[in-house]
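Asks: Sequence first, then the predicted structure:
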Amino acid sequence: MLGEEIHNCAKKLWPICRSITGSGVRSTLAILKEKFPDIVVKEVPSGTTCLDWTIPKEWNIRDAYVIDPSGKKIIDFQKSNLHVVGYSIPIDAVVTLDELQSHLYSSPEQPEAIPYVTSYYKERWGFCISDVQRKALTPGSYRVRIDSDLKDGNLTYGEAVIPGDSTQEVFISTYICHPSMANNELSGPVVTTFLARWLKSLPRRRYTYRIVFIPETIGSIAYLSKHVKWLQEHVVAGFNVSCVGDDRAYSYLPSRKGGTLSDIVARHVLKSIDPSYISYSWSDRGSDERQYCAPGIDLPIASIMRTKYGAFPEYHTSLDDLTHVVTTQGLEGGYNALRLACEAIENNFYPKVTVLGEPQLGKRGLYPTLSAKTSGNEVRVMMDLITWSDGEHCLIDIAEKCNVPVWDLYPIVEKLRQHGLLSLETSTAR
Amino acid sequence: MLGEEIHNCAKKLWPICRSITGSGVRSTLAILKEKFPDIVVKEVPSGTTCLDWTIPKEWNIRDAYVIDPSGKKIIDFQKSNLHVVGYSIPIDAVVTLDELQSHLYSSPEQPEAIPYVTSYYKERWGFCISDVQRKALTPGSYRVRIDSDLKDGNLTYGEAVIPGDSTQEVFISTYICHPSMANNELSGPVVTTFLARWLKSLPRRRYTYRIVFIPETIGSIAYLSKHVKWLQEHVVAGFNVSCVGDDRAYSYLPSRKGGTLSDIVARHVLKSIDPSYISYSWSDRGSDERQYCAPGIDLPIASIMRTKYGAFPEYHTSLDDLTHVVTTQGLEGGYNALRLACEAIENNFYPKVTVLGEPQLGKRGLYPTLSAKTSGNEVRVMMDLITWSDGEHCLIDIAEKCNVPVWDLYPIVEKLRQHGLLSLETSTAR
Amino acid sequence: MLGEEIHNCAKKLWPICRSITGSGVRSTLAILKEKFPDIVVKEVPSGTTCLDWTIPKEWNIRDAYVIDPSGKKIIDFQKSNLHVVGYSIPIDAVVTLDELQSHLYSSPEQPEAIPYVTSYYKERWGFCISDVQRKALTPGSYRVRIDSDLKDGNLTYGEAVIPGDSTQEVFISTYICHPSMANNELSGPVVTTFLARWLKSLPRRRYTYRIVFIPETIGSIAYLSKHVKWLQEHVVAGFNVSCVGDDRAYSYLPSRKGGTLSDIVARHVLKSIDPSYISYSWSDRGSDERQYCAPGIDLPIASIMRTKYGAFPEYHTSLDDLTHVVTTQGLEGGYNALRLACEAIENNFYPKVTVLGEPQLGKRGLYPTLSAKTSGNEVRVMMDLITWSDGEHCLIDIAEKCNVPVWDLYPIVEKLRQHGLLSLETSTAR
């Protein structure tokens, strides 16, 4: 039922025409803020230099259409905001079919789909339509109109900080710049919002959680240009949240260098919930991890996904919808994987047994009093946990050695702690 | 024929009812001392705190039986000491079949076998019988009697120290607490005794050998509680000797952290004598390595076994005998593997060639004077030994690189040393 | 056509009777000097102690033959210089067939071939003939004559130093001690000579190149005995050049310790030009790498070969010729692999991106302005190059990560450098 709640939130956001700037981003953040009021909206003015980039003009669009020679409105922004190339400059003209063709984008491989196309950094205008529709166009005069602005304004993003016992941070980033598409990308911001709600609801947190809702690429560049030093000093783990809404696969994409806490946690969690999860390499990257893990930035950010961008046929087309692609089960699975990952990070202590030699579990009622050929599985896991609790292995290492999900160890750790047999060491190393 | 001698020793020890304390341990040590007089018998009083444990009361048993309603003695300790649950408190009563049943242990999976059951740390009484016999019991009054003591006394163990050139030690541990069972465990103490005799017979030893004959778990806990610091400072390698008497397999179980000299030697020796030897992991542990390698203790102790405890069908039952399970060949093979391992430790220097570039072997008569397409295999191994004698590889590393058993290198090392071409470096690292 | 030029050079050298000393070495160097005048001829007197060895007497031979009982010259040095055992002492005698047999060497496995046999360090005389011919010999008196000298003289070798920007050196060694055989070994000296010409022709070189043409074993021993300290301090990479003339395979043999720049370059180049290249291990060694990588010398020398010595049927026989075994394509392939390896060493900087986060390639015309589902392959490789340009990966590491030959990266590196986006760090580590 949580999946349903997340799905409903996505449905509410669906119609909004988002881009990397503009009112669509603001209204999206306003709706997410209803679910999670801690989100603070921030803006960076057009023209601001951010690392190697410059914040572009703000883009807003009210309407757009094409009327064919017979007077029929054949392309209508009101029906699908994918019809307009993102960041199209305004146009109001009558053009021949030939002229129109040079501004049309369609996909012969997916003739029924409207493709998603943008042109953020070069001014042009264009329409996206299905290839079927394009092939049916007849010669004549076409009225084309895009009622948009491209003016100095702001890049808008949301940020929420949920404090924990430590000033060390877990960093979670998702993006809010895609118009009406579901897995890539409404799934990221809605799942992240519900994850934030859950984090906030915990009685206490070991780590501080920093969560950002930003436009892809330019947003993470902008955020890093202000905060990179802080993030490098405080972030111990984190995830880029994208494509977490369909129910066809679980996927992992590593940080650039690999081997960070985020990588270890992501692999362990995914292996535990789906042994056939897909493990990508850094060469398959394509979202904001490109910035967070860039050379010299190298934050410990990995990606936990359902079916990865580029890896599903509906990707970046009008077919990526909330009906056939993104489902309640899909969203709940994505949410669940990320929540288990956060729990694993919170619980990832370096347990250390407090006695030399095996503790005598029998006198504490933790071991059978009668020797048989074999002891039960729970006792076995407890013994394995104890034998690896040398202060050199974190709980995830130990779970791997015990061949169980790390969450199976939480109650055993608690029981042994209550008997004074385990101390939990913290370490900033991981 | 050494196998036969070891087997005869085991036969002499067979009838004794051993447990973790008591007169059975003492008479066992007395018989082993006949073969190897250096064994010194030591005792630790009941009630002594050892690490997280306490030495239990001493248990002694003289007789035990059950007489059925018809007056027939159907269970008789004199016929098999496995019939009594180890550490049974005394009982002398007449009970109904129902009452009796709650004190009986049998194994439906092995209906002909008497299972081995103990209850060291919770006072109870019980009998072990075959499931066939149990199923034939009829209702009525049963006379049950166990003539045992459970009183303050001592835990008894044996220790022998065979001095070497160095105060660095090789530590060998075996256990003497199992009643009449053969592979697990009479094979360990008898093979260890003959290994000790051989070590003692050597003209000189590089290392000091410390050999203990102890009850499992509580014995190693007790020994460690006194000696852990000494052992950590002196022991460079060692083995837990158990299940070295059948002829069905060779097996290796690593130290907890792996990669110690003991692990390297054990794997090399076993691979060389049986390429299909079974390599277990630390999660398969089950004997005193659990204590010797516990976190914070971490002695370099591995296990070289024939068929491992738990891995043969007769394990911990009356079927584990000196006829069908443990054989002269089996014992001799176990002895041989451990002896080769000790030899490998003794010879594990870091050889270093004394000249720069390849030595001119021809002028020393070590190389053919006529060049042909290929040189012989012995020359090849000699050249390979020389090329790896850089002072950074121990002899076992080199044997692995040459793809020969390390003992094939001993005569070549000796020849090269006599020609002044090799120096043997010692290193405490391995 | 370069292959043809190299092949012609080999043909010119073919008839000369080379050995580890003598006039054959001198005339070989004289012909190579015609192609590459930088070669300086050096000599080491007989009797000089070099490491564990002593320079032997100089051997020269003018003629040799055997005349059979019928007066027919059945073995004639003028027809094949392989007929005489290398370093044969002079003989002029009439012997019985039986006496002759004890001085004959033939190969029953290759009955048509004259085997190559030497006896450098034990004085003897002998003839090598085909086994077919040997079997046809009839009893009677045989006139045997070897018109040779074995006198104090010199060991002769050639050396060329091609200066570079750095005093760090790339060391290339090949041998000139084999009589008329082609792959092993005229291919090495001729390919090396043309490689040296190309190196010399470069407008500038990052490294200094030191190239030696020496007799095998005793020559490298002699060279090392004078220069080992210099080489250890200056050589960053290098190759032993042997068997680079047939067209049947590419092969790699590592340095003793492996993992040097030479190893990394050799594997990358060979994998890129022939994914099925043969990778040998150090235990397959057999040429001067035995000296250059001996313990305590350990220069970073690997071998890039076509079909390795010992691995082709014609090896060390008269069948190893310039017609059936060594070809123009074979020589050109060997030359090409070594040239690509030298280029890879020259270009193996540690590139470092100059901006934080991904550079905005679009504003520099390096990235498409319109987002589509996927970017082209060239852009992808450029992005991959940038993401790994963290100053911690050398260009070969990056090529491996991008899954392209390193030479595909050279123009991209140049383009990014021109845009100020990459700096090239040098490192002596690799």
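Replies: Looks like it arrived, so ask away. Numbering: from 1, shown residues only, chains lettered A, B, ... in the order given.

Asks: Pull up the residues of chain A that are close to chain C.
Replies: Within chain A, the positions near chain C by CB under 8 Å from any CB of the partner chain are A:51-54, A:85-86, A:115, A:117-122, A:124, A:217, A:220-221, A:224-225, A:228, A:256, A:282-283, A:285, A:290-291, A:294-298, A:310, A:315-316. C-beta coordinates here come from the backbone N, C-alpha and C atoms, glycine included.

Asks: from those, which would you call buried?
Replies: A:51-53, A:85-86, A:115, A:117-121, A:217, A:220-221, A:224-225, A:228, A:256, A:282, A:285, A:290-291, A:294-295, A:297, A:315-316 (16 or more other CB atoms under 10 Å in any protein chain shown).

Asks: List the ones among those residues that fall in strands.
Replies: residue A:53 (DSSP state E).

Asks: Can you list which of the buried ones among the residues of chain A next to chain C are found in helices?
Replies: Residues of those located in helices (DSSP state H): A:220, A:221, A:224, A:225, A:228, A:290, A:291.

Asks: still on that earlier bit, the buried ones among the residues of chain A next to chain C: which ones sit near chain B?
Replies: Applying CB under 8 Å from any CB, the subset of those adjacent to chain B is empty.

Asks: hang on, residue A:396 in a helix?
Replies: Yes: according to DSSP: H, G, I helix; E, B strand; the rest coil, residue A:396 belongs to a helix.

Asks: Please report how far it lies from residue A:271.
Replies: 11 Å (CB to CB, to the nearest Å).

Asks: Residue A:277 too?
Replies: 7 Å.

Asks: rewinding a little: mind checking which of residue A:396 and residue A:271 has more residues around it?
Replies: Comparing residue A:396 with residue A:271 by other CB atoms under 10 Å in any protein chain shown, the one with more neighbours is residue A:396, at 22 against 16.

Asks: Quick one, grab the pLDDT at the more buried one.
Replies: Note on residue A:396: pLDDT of 98.

Asks: Look up how far residue A:238 lies from it.
Replies: For residue A:396, the distance to residue A:238 - CB to CB - is 16 Å.

Asks: domain parsing for chain A?
Replies: A:2-56+A:154-346, A:60-151, A:350-425 (automatic domain parsing).

Asks: which one of those domains is the most hemmed in?
Replies: Compared across the domains of chain A, domain A:2-56+A:154-346 shows the largest average neighbour count, a mean of 21 (mean count of other CB atoms under 10 Å in any protein chain shown).

Asks: Tell me which residues touch residue A:190, please.
Replies: Counting by CB atoms under 8 Å, 6 or more residues apart in numbering or on different chains, residue A:190 makes contact with A:6, A:7, A:9, A:10, A:13, A:32, A:245, A:331.

Asks: Give me the phi and psi for it.
Replies: Dihedral angles of residue A:190 (phi, psi; degrees, to the nearest 10) stand at phi -70, psi -40.

Asks: do you know which of the domains of chain A lies nearest residue C:264?
Replies: Among those, domain A:2-56+A:154-346 comes nearest to residue C:264, with 19.7 Å by CB to CB.

Asks: roughly how far out does that closest one sit from the chain middle?
Replies: Centroid separation for domain A:2-56+A:154-346 versus its chain: 3 Å, with CA atoms, centre = their mean, to the nearest Å.

Asks: hmm, back to that, can you list the domains of chain A in CSV and add distance to residue C:141?
Replies: Shown next, in CSV, are these (distance: least, CB to CB, whole Å):
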stretch, distance to residue C:141
domain A:2-56+A:154-346, 78
domain A:60-151, 89
domain A:350-425, 82
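
Asks: So for residue C:412, which of these sits nearest?
Replies: Closest among the domains of chain A, once you apply CB to CB, is domain A:2-56+A:154-346, at 15.5 Å.

Asks: Quick check: end-to-end length of that closest one?
Replies: Its start and end residues considered, domain A:2-56+A:154-346 measures 22 Å (CA to CA, to the nearest Å).

Asks: what's the answer for stretch A:394-410, then?
Replies: End-to-end distance for stretch A:394-410: 13 Å, by CA to CA.
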